[in-house]
Each structure stands twice: as C-alpha cells, then as structure tokens.
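Novice: Any chance you could fold what I've pasted below:
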Amino acid sequence: MTVAFIAKVRGAHFPGGLPKACSFRGITARVVCSLRDDLRMRHLLFSVMVLVGLTAGCVESKDTRGGAPSAASQPESSRLDALFSHPSPDSIPGGQRGEQIRLGYELVVHTQQFAAPYVGNRLTCANCHLDAGLDPNSASYVGLSRAYPEYRARSGKVVTLADRINECFERNLNGKAIPQDSHKLQAIVAYIEWLSKDVPTRSRMAWRGIPALSSSKPPDPVNGANVFAARCAFCHGADGQGTMAAPPVWGAQSYSLGSEMARVSVAASFIKSNMPRTRGWALSDQEAYDVAAYINSQPRPDVAGRASDWPKGEKPADVPH
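Specialist: Down below sits the predicted model:
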C-alpha cells in the first residue's frame, strides 16, 4: 500500500508545480498513523517485507555466483527496448583505436579492395549490410556487438562476433575465414563495437536482422521472373550477373548455397525492406516472395561443410538441401 501511495503522488499532475516538502511530510504522517491504528495491517506489511527480503536475498546470491546475466540468458520480458542510434563520425577516437575503426569501415564498404585474399566473389559486406551497416532494415551492425557471444543454431554452438564475421566471408562472400589474429578481422570487430557503443548492454534491439515477412501462399518463381525483369534487371542485369550499380544475385560471383540469403524467406524479407534500392517497401509481400524464389532457383556456388549445418535438428524448412 505504501508503494502504491508513493507511486500515485509521484505520478500526479500539479498545475502549480511540485508540492513543498512539508506537505509530503504531513501526508506521510497521516498514512503512518493510519497504519499504526490497524494491527492486522502491520502484521500483513511485516510478512510482505520478510518475504520480499528473502526473495531479494536469493536473487542476489544467484547473481553473485553466476555473474551478470548475458543477453541470451536474461528473460526477454525483463530486457529494455533500445532506441536505434549510431554514433557520429566525429566521435571516432584518436590514435590506434581510431585508425582500427576507420580500417573496419573500409573493409566493410570496399571489401574487394581491402580484403581481397578472403573474398571469392564480387560481393562486399555492404551489399547486404547497407550503408556500411547503418541501415536498420538490412541487418544493421548497430548494437550487434552487444549480442555476442551467442548461440547459433546453424553451427550448433556459441560463437563470437569474430566467428560470425568469418561465417559471412565463407558463405556470403564465398571466400575463406580471416585469421583470428589478423588486424583486419580485429578492425571489423572494432568498427562494429564502435557502432554499438551507445546501445545499452542486454537491451532488446527491435531492428536486429531484417524485418520479418510471411507469405500467405507458396511463392511463384514464374511471376518472380516477370517482376525481376520489370523491377530488378535494370540494376542487377537481365542475367542476374550485376552491373556497375548493383551486385550479382546468382551465379558464380554471387552468394553461396550456405548463405542466409539463399533461404527464400530471408531473401524475400530483404527485398521487401530494401529493394528497389532507396525505394524499399515498393513491392507487395507476395511479389517479394516471388522474386526471392526466382532468384534462389538460379545456380550458385556451394560451400564446404554445409552438410554439417543444423547439427541439433533445428533447420528451417526453406534451407536449400
């Protein structure tokens, strides 16, 4: 009752401003007197206080033994919603750390130039993580470092942020992993950490990944071919092999069968939110699914080790077999 009373006073609207301290003392005195006159209420409050104290003691003891809870282990309902916000370039620190962050940016945007030995096609990191990872509709990097280490169902184990970056190099870029001690891998991690610095630890990030999309009926690759010719071919080429304006979307120079984008549901969500470029949400949900089905029905390279994916039987239905 005391808690409810305090909440009510604090939440009240005072046209003349907040009341003076003496008025609060008068209110409190009257409530205390009322409580003292009621013996049963005192017993009830005492019991509640003991129960709360014991419960708090158990929680504190558990946290002390186990350390701070991770984002993955903390109940979803107890985590706060973060606001999407990325730092200004003016906030990049000086010295070696700043140079590391700037190199990370170059590796993301100009992957072909700065990470050539580790790339096996004509894609860059920024082809999927648009605007160098700043776009909240295309798997943004903002806040991403707060989520790792994290369990990945596809690999069946907990992975670090560096591991996840290398998955992209191996599968999306059809290349090979960057050595763990490489300054280039560390630079990409540093760039993502800098973008994430204003996101509270263990908060929910509504923008993480790509906005989910569902289809009410099976996708139609034939209609997808028509939509591609009308809406996508101008940038990606009629043969899907890319142009100066956009990357290839199938064939040897595009993402592999082991990429997340090889799943029709993921590709459809990305297309809906971001394509045509700068005019996302222009296609209907069904058109996005149809185009994704058409694109992913085309040939593309495989990736070594794909048969070992989803070792614990959690494979989504639209993963290419």
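Novice: Measure how buried the nearest residue to A115 once chain neighbours are set aside is and give me the count.
Specialist: Nearest non-adjacent residue to A115, counting by Cβ to Cβ, 6 or more residues apart in numbering: L107, 5.4 Å away. The way it works is simple: take the backbone N, C-alpha and C, and place the C-beta from them, glycine included. Burial of L107 is recorded as 23 neighbouring residues (other Cβ atoms under 10 Å).
Novice: Quickly find the element holding L107.
Specialist: Assigned by DSSP states H and E, L107 belongs to helix 95-109.
Novice: tell me which residues in that helix are buried?
Specialist: By neighbour count with 16 or more other Cβ atoms under 10 Å, helix 95-109 contains the buried residues 100-109.
Novice: my guess is the residue nearest to A115 contacts Q186, does it?
Specialist: No: L107 is beyond contact range of Q186, at 10.5 Å (criterion: Cβ atoms under 8 Å).
Novice: per-residue pLDDT, the residue nearest to A115?
Specialist: Listed pLDDT for L107 reads 98.
Novice: Can you tell me how far it is from A187?
Specialist: 6 Å (Cβ to Cβ, to the nearest Å).
Novice: how does the chain divide into domains?
Specialist: Listed by automatic domain parsing, the domain ranges of the chain are 89-195, 221-308.
Novice: Let's have those in JSON lines, adding distance to A212.
Specialist: JSON lines is the format used below for the domains of the chain (distance: least, Cβ to Cβ, whole Å):
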{"stretch": "domain 89-195", "distance to A212": "11"}
{"stretch": "domain 221-308", "distance to A212": "6"}
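Novice: can you give me the strands in the protein?
Specialist: Taking DSSP state E to define them, one finds strands in the chain at 150-152, 157-159.
Novice: and D318, which of those strands is closest to it?
Specialist: For D318, the closest of the strands of the chain is strand 150-152, at 17.6 Å, according to Cβ to Cβ.
Novice: Pull the residues that contact the helix holding L107.
Specialist: If you take Cβ atoms under 8 Å, 6 or more residues apart in numbering as the criterion, helix 95-109 is touched by 92-93, 113-115, 124-126, 129, 132-133, 141, 183-184, 186-192, 194.
Novice: Report the residue spans of the stretch 51-200 of the chain with pLDDT below the cut-off.
Specialist: With pLDDT under 70 as the threshold, the stretch 51-200 of the chain has low-confidence stretches at 51-79.
Novice: the helices in it, which residues?
Specialist: Ranges of helices in the stretch 51-200 of the chain, per DSSP state H, counting those that start in this stretch, are 95-109, 111-114, 130-133, 161-171, 183-195.
Novice: so how far is Y191 from W310?
Specialist: W310 sits 30 Å away from Y191, going by Cβ to Cβ.
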